[in-house]
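**Student:** quick check, what structure comes out for this input:
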Amino acid sequence: MTTTIYHNPKCGTSRNTLALIRNSGEEPNIIYYLETPPSQAELTTLLENMGIGARDLLRNNVEPYATLELAEDRFSDEQLIAFMVQYPLLINRPIVVTSLGTRLCRPAEKVLDILPNPQRGMFAKENGEVIVDAMGKRVK
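**Tutor:** Presented below is the predicted three-dimensional model:
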């Protein structure tokens, strides 16, 4: 199974997660979800596989979150998923799918729990924080 990342290249966490996948020696299938959003069925499956509710995947610091009044607890998961499909900017990222599971990788190092291959060397996030040492072992 190929690793897939739902990626936004403008997001540092997403870029760090992609770099960690590549540091394991794998070139993932990259889905630029803002350009090619998942369908309602795909998003529902991703949520089920992550074991989280739709609200847990919802970004609350972007428009149209406030405009749609999504902070109010009156929407079902199905309705929230429909909003995320219609407005993919509402989908938190990155989501990574591997043979070992599906995760919302915030922070980026959460991807290490589901990568099938070990890290091939040292890795530091864009901010300089080292999370994998020279031996390919997780620092914390």
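**Student:** got the residue ranges for the strands in this structure?
**Tutor:** 4-7, 29-32, 95-98, 101-104, 123-124, 130-132 (DSSP state E).
**Student:** so who does residue 17 touch?
**Tutor:** Residue 17 makes contacts with 5, 7, 94, 96, 105, 108, 111, as judged by CB atoms under 8 Å, 6 or more residues apart in numbering. From N, CA and C alone the C-beta is placed, and that goes for glycine too.
**Student:** ditto for residue 113
**Tutor:** 100, 101, 103.
**Student:** would you turn the contacts of residue 17 into CSV with distance to residue 50, pLDDT and neighbour count?
**Tutor:** Below are these laid out as CSV (distance: CB to CB, whole Å; pLDDT from 0 to 100; neighbours: other CB atoms under 10 Å):
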residue, distance to residue 50, pLDDT, neighbour count
5, 14, 98, 24
7, 16, 98, 23
94, 12, 98, 27
96, 10, 98, 29
105, 10, 98, 26
108, 16, 98, 25
111, 13, 98, 24
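**Student:** adding distance to residue 59, write those out as a markdown table.
**Tutor:** Converted to a markdown table, the contacts of residue 17 look like this (distance: CB to CB, whole Å):
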| residue | distance to residue 59 |
| --- | --- |
| 5 | 17 |
| 7 | 15 |
| 94 | 12 |
| 96 | 17 |
| 105 | 14 |
| 108 | 16 |
| 111 | 19 |
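**Student:** any idea which of the strands of the chain is most buried?
**Tutor:** Comparing the strands of the chain by mean neighbour count (mean count of other CB atoms under 10 Å), strand 95-98 ranks first with a mean of 25.
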